[in-house]
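**Q** Quick one, what's the 3D model for this:
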Amino acid sequence: PIRVELNGLTEEDLYRILTEPVANLLRQQTELLNTEGVKLTFTEDAIREIARMAALLNRTVENIGARRLHTVIERIMENLSFEAAEMEEGEELVVDKKLVKERLSEVMVSSDLSRYIL
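**A** Model prediction:
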């Protein structure tokens, strides 16, 4: 048997996963809201912040690799998806760094507290 040790994904790795594949998670969310007639865009600093938060959560809670990106984006998009259904066709939603921090602040606080629960 051959044994190898793998390193966890870095923030840069997670960023590349969010941006390089043609059918990446951000594009999927954009196309999903496009079906409602809403244009969704992610700013560059928002994408970087998503990658940073995912890497941080992987280090502090449980390292689930790139699957963490899905849970992070799901948390960000939770309310936006419902809001989009009631928006006028052609409206634009912009996800920026501030919004990412707002939506993930609760997750970060609960992850800090989870360290102290037996």
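**Q** C-alpha from now on. contacts and neighbour counts both.
**A** OK.
**Q** Please identify which helix or strand holds the residue nearest to the spatial centre of the chain.
**A** Nearest to the mean C-alpha position of the chain, by Cα atoms, centre = their mean, lies residue 73 at 3.0 Å. Using DSSP states H and E, residue 73 sits in helix 67-85.
**Q** Quick check: next helix or strand after that helix?
**A** strand 92-95.
**Q** Okay, now the sheet partners of that next one, with direction.
**A** As defined by DSSP bridges, the strand partners of strand 92-95 come to strand 39-42 (parallel).
**Q** can you list contacts of stretch 41-58?
**A** 9-12, 14-15, 18, 26, 30, 63-65, 68-69, 72-73, 92-98, 100-101, 108, 111 (Cα atoms under 8 Å, 6 or more residues apart in numbering).
**Q** Just the buried ones among these, please.
**A** Applying 16 or more other Cα atoms under 10 Å to the contacts of stretch 41-58, the neighbour count classes 9-11, 14-15, 18, 26, 30, 63, 65, 68-69, 72-73, 92-93, 95-97, 100-101, 108 as buried.
**Q** can you list the weak-confidence ranges in this structure?
**A** Low-confidence regions of the chain, defined by pLDDT under 70, span residues 109-118.
**Q** contacts for stretch 76-95?
**A** So stretch 76-95 is contacted by 33, 36-43, 46, 99-100, 103-104 (Cα under 8 Å, 6+ apart).
**Q** Show me the two of those that sit farthest apart.
**A** Using Cα to Cα, the two most remote members of the contacts of stretch 76-95 are 37 and 104, lying 26.1 Å apart.
**Q** since we're on residue 19, how many residues are nearby?
**A** Close neighbours of residue 19, defined as other Cα atoms under 10 Å, add up to 14.
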